[in-house]
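Participant: Predicted coordinates and the sequence they were generated for:
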Amino acid sequence: MYKKVLFVVCVITLAITCQASEKIRVATWNIEHLGSSGRGLGGIGSGNLPKRSPEQLKKIATFIKNDIKADLIAVQEVAITGKRFGIYISDPLETIVNELGDDWSYYIDSTRCNMDHLDSIHNMSNAFIWNNAKVHAMKMFSMEFPNEYVGKKRLFDRKPLIGYFEAIKGSEYTNDFLITNVHLTSGQNNDENHITAMIIIEQNMNALLKSKQIKESDRIILGDFNDNPFAKNDTGKPKYTDLLYRYMEWKKYTDLVAVTTEATRMDSNLSSIIDHILVNNSAAQHLTQKSQKNAEKIFPESDLAQWRSTYSDHFPLVIEINIKNNDDDVDY
């Protein structure tokens with residue numbers, strides 16, 4: 001269906017120690033100003049792009065269903081556009097979810113919402129969308145701490161949003177996992193800002209989970225890090241520091257995005273690898289192939305600008321988690 005489109009899907013398989021063949025597909029995707037103005041900033045297809053039309057939103061739903069094939073998606077840059085029965089909503093995200101079907105739901109972080117700036121860049125947040133037939137959402141909440149300045153920018157463009165989920169197999173709930181959806185401050189040259197943000201997330205995680213009465217060892221941190229540890233300068237030396245990833249490796253997390261993933265965002269020369277998936281050892285020990293970090297370019301680059309007009313300036317990244325059997329003796 002999308003024969004004139006280029007997108008990148010990074011598929012890494014995490015397998016629970018069992019014989020189950022069913023899988024949960026989890027994705028992260030910066031969907032570029034969904035429901036707000038300001039689309040088209042820089043890169044391929046740049047320009048003053050309008051908000052998506054109803055037809056474009058339906059195409060995004062079809063793309064999720066037929067191409068990403070995800071059961072759970074952490075999305076960034078989703079605008080709050082209104083309020084219904086006391087709950088903040090995103091009309092375009094709601095259109096996408098409705099098009100996906102009755103089993104689908106979404107949750108958007110509204111802790112920074114300003115009613116005077118609805119439907120604008122000021123109210124963009126992180127969100128989750130999921131298929132209730134495959135994933136059960138138990139708890140969702142944002143990380144609350146001061147958004148301090150490091151250098152010239154605050155630590156987070158959006159508040160980190162935590163989702164506590166469990167997989168569904170048949171009519172039973174099976175393995176559970178924790179996902180932190182992040183959007184670190186923009187600007188790849190702000191890597192000292194980014195590592196500070198990640199340290200704050202990691203060091204506050206246990207206390208926050210304890211306050212929410214959550215005990216979960218399988219943890220994934222994913223999203224738009226605005227951070228490229230693979231960038232090189234004109235002399236071939238690292239352009240930025242990789243301290244964020246070395247720190248998280250010390251904390252027993254592995255980045256499932258490698259230099260071979262190639263661009264996750266449409267900068268002008270397709271060299272921007274700024275979306276990442278960090279998996280801690282409790283989850284990473286179930287990787288079937290730890291070297292399987294392949295990014296697949298599916299369609300020719302000449303159509304990227306046209307693709308961006310409907311979809312995004314970022315490409316989705318996907319991981320697969322095998323659903324364990326109910327009689328498996330592995331604790332999650």
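Facilitator: That came through fine.

Participant: Any stretches of the stretch 151-300 of the chain with poor pLDDT?
Facilitator: Applying pLDDT under 70 to the stretch 151-300 of the chain flags the ranges 285-300.

Participant: Now do the same for the residue nearest to Gln188 when sequence neighbours are not counted: helix, strand or coil?
Facilitator: Spatial nearest neighbour of Gln188, chain neighbours left out: Asn228 (5.1 Å); criterion: C-beta to C-beta, 6 or more residues apart in numbering. The way it works is simple: take the backbone N, C-alpha and C, and place the C-beta from them, glycine included. Put simply, Asn228 is coil when judged by DSSP: H, G, I helix; E, B strand; the rest coil.

Participant: For the stretch 151-300 of the chain, just list every one of the helices.
Facilitator: Using DSSP state H, counting those that start in this stretch, the helices of the stretch 151-300 of the chain run over residues 191-211, 243-250, 281-284.

Participant: repeat for the stretch 1-150 of the chain
Facilitator: 54-63, 91-100.

Participant: what helices or strands is the last one leaning on?
Facilitator: Helices and strands touching helix 91-100, as assessed by 3 or more C-beta pairs under 8 Å, 6 or more residues apart in numbering; DSSP states H and E, comprise helix 54-63, strand 72-79, strand 104-108, strand 124-131.

Participant: Show me what the second one is packed up against.
Facilitator: Based on contacts counted as 3+ C-beta pairs under 8 Å, 6+ apart, the elements that strand 72-79 packs against are strand 23-34, helix 91-100, strand 124-131, strand 156-169, strand 172-184, strand 219-224.

Participant: For Gln306, find the nearest of those.
Facilitator: Minimum separation from Gln306 across these (C-beta to C-beta) falls at strand 23-34, 14.5 Å.

Participant: who does that closest one touch, helix- and strand-wise?
Facilitator: strand 72-79, strand 172-184, strand 219-224, strand 275-280, strand 317-322.

Participant: could those be laid out in CSV, adding distance to Ile162 and mean neighbour count?
Facilitator: Below are the helices and strands packed on strand 23-34 laid out as CSV (distance: least, C-beta to C-beta, whole Å; neighbours: other C-beta atoms under 10 Å):
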stretch, distance to Ile162, mean neighbour count
strand 72-79, 10, 26
strand 172-184, 5, 22
strand 219-224, 10, 25
strand 275-280, 14, 26
strand 317-322, 17, 22
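
Participant: Can you tell me which of the ones you listed is nearest to Lys59?
Facilitator: The nearest among those, by C-beta to C-beta, is strand 72-79 at 15.6 Å.

Participant: List the buried residues in stretch 84-104.
Facilitator: The neighbour-count criterion (16 or more other C-beta atoms under 10 Å) identifies 88-97, 99-100, 104 as the buried residues of stretch 84-104.

Participant: ok, back up a step: using TSV, lay out the helices and strands packed on strand 72-79 together with distance to His276.
Facilitator: Formatted as TSV, these follow (distance: least, C-beta to C-beta, whole Å):
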stretch	distance to His276
strand 23-34	8
helix 91-100	23
strand 124-131	15
strand 156-169	14
strand 172-184	9
strand 219-224	7
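
Participant: Out of these, which is closest to Leu208?
Facilitator: Nearest of these to Leu208, taken as C-beta to C-beta: strand 156-169 at 7.6 Å.

Participant: Show me which residues of stretch 306-325 are buried.
Facilitator: Judged by neighbour count using 16+ other C-beta under 10 Å, the buried positions of stretch 306-325 are 307-325.

Participant: Please disregard the earlier target; I meant stretch 130-141.
Facilitator: Within stretch 130-141, judged by 16+ other C-beta under 10 Å, the buried ones are 130-131, 134-135, 137, 140-141.

Participant: cool, and stretch 56-70?
Facilitator: By neighbour count on 16+ other C-beta under 10 Å, the buried set for stretch 56-70 is 56-61, 63-64, 67-68, 70.

Participant: before we move on, what about stretch 33-42?
Facilitator: For stretch 33-42, the neighbour count (16+ other C-beta under 10 Å) marks 33-36, 39-40 as buried.

Participant: And those, which is closest to Glu22?
Facilitator: Relative to Glu22, the closest of the buried residues of stretch 33-42 is Leu34; by C-beta to C-beta it sits at 29.9 Å.

Participant: Same list, the buried residues of stretch 33-42, but as JSON lines with pLDDT and distance to Ser271 please.
Facilitator: Output for the buried residues of stretch 33-42, formatted as JSON lines (pLDDT from 0 to 100; distance: C-beta to C-beta, whole Å):
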{"residue": "His33", "pLDDT": "94", "distance to Ser271": "22"}
{"residue": "Leu34", "pLDDT": "96", "distance to Ser271": "25"}
{"residue": "Gly35", "pLDDT": "93", "distance to Ser271": "29"}
{"residue": "Ser36", "pLDDT": "90", "distance to Ser271": "27"}
{"residue": "Arg39", "pLDDT": "91", "distance to Ser271": "21"}
{"residue": "Gly40", "pLDDT": "92", "distance to Ser271": "19"}
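
Participant: Save these as JSON lines, and put in distance to Asn206 too.
Facilitator: JSON lines is the format used below for the buried residues of stretch 33-42 (distance: C-beta to C-beta, whole Å):
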{"residue": "His33", "distance to Asn206": "34"}
{"residue": "Leu34", "distance to Asn206": "32"}
{"residue": "Gly35", "distance to Asn206": "34"}
{"residue": "Ser36", "distance to Asn206": "34"}
{"residue": "Arg39", "distance to Asn206": "38"}
{"residue": "Gly40", "distance to Asn206": "41"}
